[in-house]
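1. turn this into a model:
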Amino acid sequence: MENQLLLAIEEEETNLELHVKLCEQRYKQLTSKLDHVDTRLDRLETHIVDIKDALVGINKNTSSTYLKWAGVVIGLLSTTIVGLLIHFAK
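-> Have a look, this model is predicted:
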């Protein structure tokens, strides 16, 4: 096996046509692998954008919830203060 590889390398070094054909095959393999990596990166990017959008949505919901609770607390405090003022004004 190793001898065959050495013979193939020697043949490629001396035969330009063989070298060109082997380079073409290698280029096609590299292109195919790069296309596969590109596809996987596109899917990964899509997932990252989906995660970011989900986190932004959670953050907006949390902020909205905090604002609602703050409004309830302010309303209760205002009602309590007004009730106390009316009670002590008598």
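2. how far does the helix or strand Leu5 falls within sit from the chain's center?
-> Assigned by DSSP states H and E, Leu5 belongs to helix 2-14. Its chain's C-alpha centre and that of helix 2-14 lie 45 Å apart, by C-alpha atoms, centre = their mean, to the nearest Å.
3. mind checking the longest helix of this protein?
-> In the chain, assigned by DSSP state H, the helix with the most residues is helix 16-89.
4. name the residues that touch the helix holding Leu5?
-> Helix 2-14 is contacted from outside by 18-19, 22, using C-beta atoms under 8 Å, 6 or more residues apart in numbering. Every residue, glycine included, has its C-beta placed from N, CA and C.
5. format those as a markdown table; extra columns: distance to Asn61, neighbour count and pLDDT.
-> Formatted as a markdown table, the contacts of helix 2-14 follow (distance: C-beta to C-beta, whole Å; neighbours: other C-beta atoms under 10 Å; pLDDT from 0 to 100):
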| residue | distance to Asn61 | neighbour count | pLDDT |
| --- | --- | --- | --- |
| Leu18 | 65 | 13 | 88 |
| His19 | 63 | 13 | 90 |
| Leu22 | 59 | 14 | 90 |
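6. list just the nearest of these to His87.
-> Distances from His87 to the contacts of helix 2-14, taken as C-beta to C-beta, are shortest for Leu22 (96.5 Å).
7. what's the local residue count around the residue nearest to the closest one when sequence neighbours are not counted?
-> Sequence neighbours aside, Glu12 is the residue nearest to Leu22 in space, at 5.9 Å (criterion: C-beta to C-beta, 6 or more residues apart in numbering). Neighbours of Glu12 under the rule other C-beta atoms under 10 Å: 16.
8. and of the contacts of helix 2-14, the nearest to Ala89?
-> Distance to Ala89, by C-beta to C-beta, is smallest for Leu22 among these, at 99.1 Å.
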